[in-house]
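Q: fold the following for me, if possible:
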Amino acid sequence: MVYAETKGGHILIDREDRRSQLRTFKTAVQYLKDGIPLVGFPEGQRSEDGRMLPFKDGIFSMAKRANVPIVPISLSNTHAIMPGYSLSPVQSAKGGKLNVHVHPPIETEGKTEKEISELVRKAIISELPQHQIPQDETVVEKTEEGSANDGEGAKVTP
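A: Predicted coordinates for the structure are as follows:
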């Protein structure tokens, strides 16, 4: 599997090796500067219960350093298809449980990494089902009048 990932241009990271982390960071920033898009999962792992986990900083630092926008993507119910303990799917995605929502890009210029992370997190949460939202989060809920993303027809709940 590692052979296929490296030959496919995937950037692998060894979390235990600081040099690997720096090498990965530099490679990813160069890919972004060269116009090669990356897919990153800011949580760094899958959760056991499907709730969104805290974000790690790496992907936001990369985007900021390369001065490229981030396109948040909400993936809901992936834990039902492929739980964190599994190396392969345990059920088909045909049952309508899996949902993918692509949000508008978030520009990084003029923002801190923390601001970028918070904007991405807020966007992703806006399209997750209640059972996947971290229990300590403030949630922007959709209403009949609009979506949580456009600010119209949205409400904030603690």
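
Q: Three-state assignment for the residue sitting nearest the centre point of the chain, please.
A: The residue lying closest to the centre of the chain (CA atoms, centre = their mean) is residue 41, at 4.4 Å. Three-state assignment for residue 41 (DSSP: H, G, I helix; E, B strand; the rest coil): coil.

Q: what sits against it?
A: For residue 41, the contact set (CB atoms under 8 Å, 6 or more residues apart in numbering) comprises residue 59. Quick note: C-beta positions are derived from backbone N, CA and C, even for glycine.

Q: pretty sure residue 31 is in a helix, no?
A: Yes: the assignment for residue 31 by three-state DSSP puts it in a helix.

Q: okay, it: pLDDT?
A: With respect to pLDDT, residue 31 scores 94.

Q: again with residue 11
A: The model's pLDDT for residue 11 equals 79.

Q: quick one, phi/psi of the residue nearest to the centre of the chain?
A: Per-residue torsions, residue 41: phi -110, psi 100 (degrees, to the nearest 10).

Q: how much space separates it from residue 92?
A: As for residue 41, its distance to residue 92 is 22 Å (criterion: CB to CB, to the nearest Å).

Q: let me know the average pLDDT across stretch 83-103.
A: 78.

Q: buried residues in it?
A: 83, 98, 101, 103 (16 or more other CB atoms under 10 Å).

Q: list the contacts of the second one.
A: When contacts are counted by CB under 8 Å, 6+ apart, residue 98 touches 75, 76, 77, 78, 80, 81.

Q: for the last one, same thing?
A: Residue 103 makes contact with 71, 72, 73, 74, 123, 124, 126, 127, 149, according to CB under 8 Å, 6+ apart.

Q: biggest separation within those, which pair?
A: Within these, two members stand farthest from each other by CB to CB: 71 and 126, at 14.2 Å.
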